[in-house]
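Trainee: For reference, the sequence and a predicted model appear below.
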Amino acid sequence: MSDRLNVLALHLERVLGQSAKTIEIALNEVTLVVEAANYHETALLLRDDPSLAFEQLIDLCGIDYQTFRDGSWTGLRFAVVSHLLSIKHNWRLRVRVFAPDDYYPVVASITPIWNSANWFEREAFDLYGILFDGHEDLRRILTDYGFIGHPFRKDFPVAGNVEMRYDPELKRVIYQPVTIETREVTPRVIREEQYGGEV
């Protein structure tokens, strides 16, 4: 294990104190887990404290833990994971925060701290239904405006809920229930007697 990772973990413990729920070093990476109530304040400390100086957010995504570990997961369902970079100290950090309510997942927006979080948070909202309190323009970014549901949730139907098509009689786009018929697909096997041998 790298001494640099241990130094980073010690700085995190010193600066964040009780705000850090857990600090773990695994797979040559430091992961910080924080409570949703402390998320915004912790993000400010990670950016502004000179001993940490995480100037850049390089990624943010949502996660649905509903079927994690073959359904044996007993923790909160939705999480937001951010990856931060300190150019000054040349180290990276993964920050994980769990939304406290599985039915109405909300965490604070960190777009005011790192403006690169803007579209990442919109994507997490669109695909997982995670709301970001304080985000000024939280709207769908990948799915259609009339899309129902959040397609990366583990309980989202594979075929979807509605489909959109152009109706030539009405001369406009319409939404209707999905009409995909389930069918069994049997692969066709082709055998060649001379395959790989001399002809």
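Mentor: Thanks, I have it. Fair warning: this is a prediction, and the values are worked out from it, not measured in the lab.

Trainee: all helices of this structure, in order?
Mentor: For the chain, helices defined by DSSP state H occupy the ranges 3-16, 39-48, 117-128.

Trainee: and those, which is most packed in?
Mentor: The highest mean neighbour count among the helices of the chain, using mean count of other CB atoms under 10 Å, belongs to helix 117-128: a mean of 21. Heads up, the C-betas are built off the backbone N, CA and C, glycines and all.

Trainee: State the mean pLDDT of it.
Mentor: Average pLDDT, helix 117-128: 97.

Trainee: do the same with stretch 42-56
Mentor: 97.

Trainee: What is the end-to-end distance of it?
Mentor: Using CA to CA, to the nearest Å, the end-to-end distance of stretch 42-56 comes out at 15 Å.

Trainee: Using JSON lines, lay out the helices of the chain together with distance to residue 29.
Mentor: Below are those laid out as JSON lines (distance: least, CB to CB, whole Å):
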{"stretch": "helix 3-16", "distance to residue 29": "8"}
{"stretch": "helix 39-48", "distance to residue 29": "15"}
{"stretch": "helix 117-128", "distance to residue 29": "19"}
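
Trainee: At the geometric centre of the protein, which residue sits there?
Mentor: residue 62 (1.9 Å; CA atoms, centre = their mean).

Trainee: and the nearest residue to residue 102 once chain neighbours are set aside, how many residues sit next to it?
Mentor: Leaving out its chain neighbours, the residue that sits closest to residue 102 by CB to CB, 6 or more residues apart in numbering is residue 77, at 4.2 Å. Neighbour count of residue 77, defined by other CB atoms under 10 Å: 20.

Trainee: I'd guessed residue 77 sits against residue 62; true?
Mentor: No. The pair residue 77 / residue 62 is not scored as a contact, 10.7 Å apart, by CB atoms under 8 Å.

Trainee: So which residues of the protein form strands?
Mentor: 20-26, 29-34, 56-64, 78-86, 91-98, 106-108, 131-133, 162-167, 172-177 (DSSP state E).

Trainee: hmm, who's touching the third one?
Mentor: If you take CB atoms under 8 Å, 6 or more residues apart in numbering as the criterion, strand 56-64 is touched by 77-87, 92, 110, 113-114, 116-117, 120-121, 123-125, 127-128, 130, 152-154.

Trainee: and that strand, which residues are buried?
Mentor: Of the residues in strand 56-64, those buried by neighbour count under the rule 16 or more other CB atoms under 10 Å are 57, 60, 61, 62, 63, 64.

Trainee: Tell me where the model's unsure across the chain.
Mentor: Along the chain, the model assigns pLDDT under 70 to residues 1, 159, 179-180, 182, 190-192, 194-199.

Trainee: Apply 80 and report the result again.
Mentor: Scanning the chain for pLDDT under 80 picks out 1-2, 145-146, 158-164, 175-199.
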